[in-house]
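Novice: Need coordinates for the below:
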Amino acid sequence: MNDDFCFACGENNPFGLHLTFNFDGERIFSKKILPKEFQGYEGAVHGGIISTMLDETMCKFISAKYHEKSLTARLEVRFKYPTPINQEVKITAWQENQRKNIITMRSTVETADGTITAEATAKFALLSAKSA
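Specialist: I've put the predicted structure just below:
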C-alpha cells in the first residue's frame with residue numbers, strides 16, 4: 001500500500017514532506033518541522049501544505065486500522081491561526097464514524113504550546129469490496 005514517491009509520505013520524493021506516522025489504535029500522529037520552502041506568506045506554512053498534511057494523516061489512519069486503500073471523497077479545512085515555519089507541529093487524526101464503506105475522520109495541526117492552528121473533517125471511501 002505504500003507509494004515511495006508520494007508527496008506527503010514518500011521516502012523517495014526529493015520535494016516531499018516525508019511524513020512518518022505512529023498509530024496507537026485510536027489515533028495516528030505525525031510530527032514535522034516545515035522549512036521556509038513550504039511557506040505561504042512570511043513565517044507561515046502554506047495552506048495547501050497544511051491541507052495535505054491533514055488529509056494524509058487521516059488517510060494513513062485508515063490504512064493503519066483497516067489495512068485498506070481509501071480515497072478522499074470530501075475534505076473541509078478550517079484555518080484557525082497561522083502555522084509557523086521552522087517550529088515543530090503535531091498532526092493528529094482519528095475516526096468519528098463509519099457507514100458502510102464511508103469513513104468520517106477528523107484531524108488537527110497543533111503547535112508545541114497546544115495551539116490548534118488548523119482542523120479538518122473528511123469523508124473517505126474504502127476501495128475494498130469486503131468493506132462495503
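
Novice: Where do the strands of the protein begin and end?
Specialist: Using DSSP state E, the strands assigned to the chain run over residues 22-23, 27-33, 70-79, 88-99, 102-111, 116-126.

Novice: Let me see the contact set for the nearest residue to residue 69 once chain neighbours are set aside.
Specialist: Computed as CB to CB, 6 or more residues apart in numbering, the closest residue to residue 69 that is not its neighbour in sequence is residue 127, at 4.6 Å. Using the backbone N, CA and C atoms, a C-beta is placed for each residue, glycine as well. With CB atoms under 8 Å, 6 or more residues apart in numbering as the criterion, the residues that contact residue 127 are 68-71.

Novice: One more: residue 102?
Specialist: Counting by CB under 8 Å, 6+ apart, residue 102 makes contact with 73, 123-126.

Novice: Quick one: buried ones out of the residues you listed?
Specialist: 123-126 (16 or more other CB atoms under 10 Å).

Novice: Would you mind putting the strands of the chain into JSON lines with distance to residue 39 and mean pLDDT alongside?
Specialist: Formatted as JSON lines, these follow (distance: least, CB to CB, whole Å; pLDDT from 0 to 100):
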{"stretch": "strand 22-23", "distance to residue 39": "26", "mean pLDDT": "98"}
{"stretch": "strand 27-33", "distance to residue 39": "13", "mean pLDDT": "98"}
{"stretch": "strand 70-79", "distance to residue 39": "15", "mean pLDDT": "97"}
{"stretch": "strand 88-99", "distance to residue 39": "14", "mean pLDDT": "98"}
{"stretch": "strand 102-111", "distance to residue 39": "15", "mean pLDDT": "98"}
{"stretch": "strand 116-126", "distance to residue 39": "14", "mean pLDDT": "98"}
